[in-house]
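S.K.: My questions concern the predicted model and sequence given below.
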Amino acid sequence: QVQLVESGGGSVQAGGSLRLSCAASTYTYSNYCMGWFRQAPGKEREEVAAFRSDGRISFAGSVKGRFTISKDNAKKTLYLQMSSLKPEDTAMYYCAADPCGSRWYPAYVRYWGQGTQVTVSS
């Protein structure tokens, strides 16, 4: 069973930091590639960062150098460390999972968490 539960969102001033967590079921963590997407009001859902099937990590250009993705195998948890936050980072952030090797686009990713809101004020 695929389960993804996010936590860690909140409100922060520009320049601040937040860490998002995504707790996954054992099956999900062991069998799927995982990553983060976000969706701002009135905008399409976009990839933020992900562990890809070929072992590399992908980042959106807008967050590269400011965000870090990591995972804790013992806790079966995915993290997104966000630093130097900007108002344009304000969005609902979603943890996502899909079989490795599949197309990693919002329209094709099959499994989503409930989302956690991040609000950055100027």
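M.R.: Thanks, I have the structure now.
S.K.: Neighbours of Tyr111, how many?
M.R.: A count of neighbours around Tyr111, defined by other Cβ atoms under 10 Å, yields 16. In this view, the C-beta of every residue, glycine as well, is placed from N, C-alpha and C.
S.K.: So what does it have for phi and psi?
M.R.: The phi/psi pair for Tyr111 (degrees, to the nearest 10) reads phi -120, psi 130.
S.K.: Quick check: pLDDT value at the residue nearest the centre of the chain.
M.R.: Computing the C-alpha centroid of the chain and ranking residues by Cα atoms, centre = their mean puts Trp36 first, at 2.0 Å. Reported pLDDT at Trp36 in the predicted model: 98.
S.K.: which residues sit against the helix or strand hosting it?
M.R.: Per DSSP states H and E: Trp36 is located in strand 32-39. If you take Cβ atoms under 8 Å, 6 or more residues apart in numbering as the criterion, strand 32-39 is touched by 2, 4, 20, 22, 24, 28, 45-53, 58, 69, 71, 78, 80, 89, 91-102, 104, 106, 109, 111, 118.
S.K.: now stretch 49-66
M.R.: With Cβ under 8 Å, 6+ apart as the criterion, stretch 49-66 contacts 33-36, 46-48, 67-69, 71, 80, 82-85, 88-89, 96, 100-101, 104.
S.K.: List the buried residues for the helix or strand containing Tyr27?
M.R.: In this structure, Tyr27 sits in helix 26-31 according to DSSP H and E. The neighbour-count check on helix 26-31 (16 or more other Cβ atoms under 10 Å) flags 28-29 as buried.
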